[in-house]
Structure formats: C-alpha cells, structure tokens
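[1] Predicted model follows, preceded by the sequence.
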Amino acid sequence: QVQLVESGGGLVQPGGSLILSCAASGLPFNSYAMSWIRQAQGNKRELVAKITPTTTDTEYGDFAKGRFAISRDNAKNTITLHMNSLKPEDTAVYYCFAAEVKYYSGTYHYTGLEYWGQGTQVTVSS
C-alpha cells in the first residue's frame with residue numbers, strides 16, 4: 001500500500017519560515033518524480049515545486065522561485081520543502097504528489113501512475 005504522509009504544516013506569521021516533509025512508503029521511491037502541489041480555498045491546485053528522481057532537476061511555480069526550496073533524500077524516501085518569506089497568499093493545503101517516471105531518450109517520461117498525500121494546512125497570518 002502506497003502512503004505519502006506530510007508533516008510540518010501550521011500557522012506562521014508573514015515573513016516567517018516553515019519546513020514541510022513528506023515520507024513515502026510502499027513504492028520504489030527512486031522511480032518517482034516528487035512534487036508539492038497546493039490548493040487555496042476556492043482556487044485550483046497549482047505546482048509549488050517538483051524534483052526528479054536523481055535530484056538534478058527541479059521546477060518551481062513562479063511564486064515559489066527564490067523563496068522555496070525542494071529537496072529529496074532517496075535513502076530515507078523523503079522530500080522536504082523549505083519555505084521562506086511566507087506571505088498570506090501562501091495559505092493553502094499543501095499536498096505531496098508522486099508520479100512514476102521512466103528515463104529514456106535523454107528525458108523523463110511519465111507513466112501515468114500517481115499518488116497523493118492527504119495534505120497539510122499552511123496558514124500565514126498575523
């Protein structure tokens with residue numbers, strides 16, 4: 001059974017920092033690109049950050065560039081999101097997302113096998 005368990009959410013003041021973690025189990029972690037996706041109330045889900053299995057490639061939503069940093073530990077099957085300079089508009093539920101990929105022809109290809117965590121609430125407010 002695949003499980004993605006997020007932790008680290010909570011209430012933080014504007015300008016503060018927060019670290020989110022996601023522990024994965026039940027899947028070959030090294031075969032999955034891992035992402036943080038967020039959804040604010042009334043809004044669509046949006047990509048926060050993504051990291052490939054080899055950790056060499058990352059991608060960020062425009063709002064996250066320069067403030068957030070994603071990393072992964074393939075030995076511990078975990079990913080982490082460091083969030084700095086948090087703003088009230090960062091308030092959302094943050095989901096851990098795993099997507100199976102296969103590497104060939106010089107790039108990663110998604111197989112369509114995906115898993116979601118249950119989400120963790122991040123609230124930025126004074």
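    Structure received. Numbers count the residues shown, from 1 in each chain.

[2] could you point out the longest strand in the chain?
    strand 92-104 (DSSP state E).

[3] continuing past it, what's the next helix or strand?
    strand 107-116 (DSSP states H and E).

[4] how far off strand 92-104 does the helix or strand that comes right after that following strand point, in degrees?
    Proceeding N to C from strand 107-116, the next assigned helix or strand is strand 120-124, under DSSP H and E. For strand 120-124 and strand 92-104, the angle between their directions (axes from the mean of the first three to the mean of the last three Cα atoms, to 10 degrees) works out to 130 degrees.

[5] Show me what the longest strand of the chain is packed up against.
    Judged by 3 or more Cβ pairs under 8 Å, 6 or more residues apart in numbering; DSSP states H and E, strand 92-104 is in contact with strand 3-7, strand 18-25, strand 32-39, strand 107-116, strand 120-124. C-beta coordinates here come from the backbone N, C-alpha and C atoms, glycine included.

[6] Parallel or antiparallel, list what pairs with the second one.
    Yep, that's strand 18-25 we're talking about. strand 3-7 (antiparallel), strand 78-83 (antiparallel) (DSSP bridges).

[7] Just the C-alpha atoms of the last one, please, in CSV.
    Below are the C-alpha coordinates for strand 78-83, written out as CSV (Å, rounded to 0.1, in the frame of the first residue of the first chain):
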residue,chain,number,x,y,z
THR,A,78,11.5,11.6,1.9
ILE,A,79,11.1,15.0,0.4
THR,A,80,11.3,18.4,2.1
LEU,A,81,10.1,21.8,1.2
HIS,A,82,11.8,24.8,2.8
MET,A,83,9.5,27.8,2.7
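
[8] what's the closest non-adjacent residue to the most centrally placed residue in the chain?
    Closest to where the C-alpha atoms of the chain average out (Cα atoms, centre = their mean) is Trp36, at 1.9 Å. Distance criterion Cβ to Cβ, 6 or more residues apart in numbering; nearest residue to Trp36, sequence neighbours excluded, is Val48 at 4.0 Å.

[9] Understood, closing this out.
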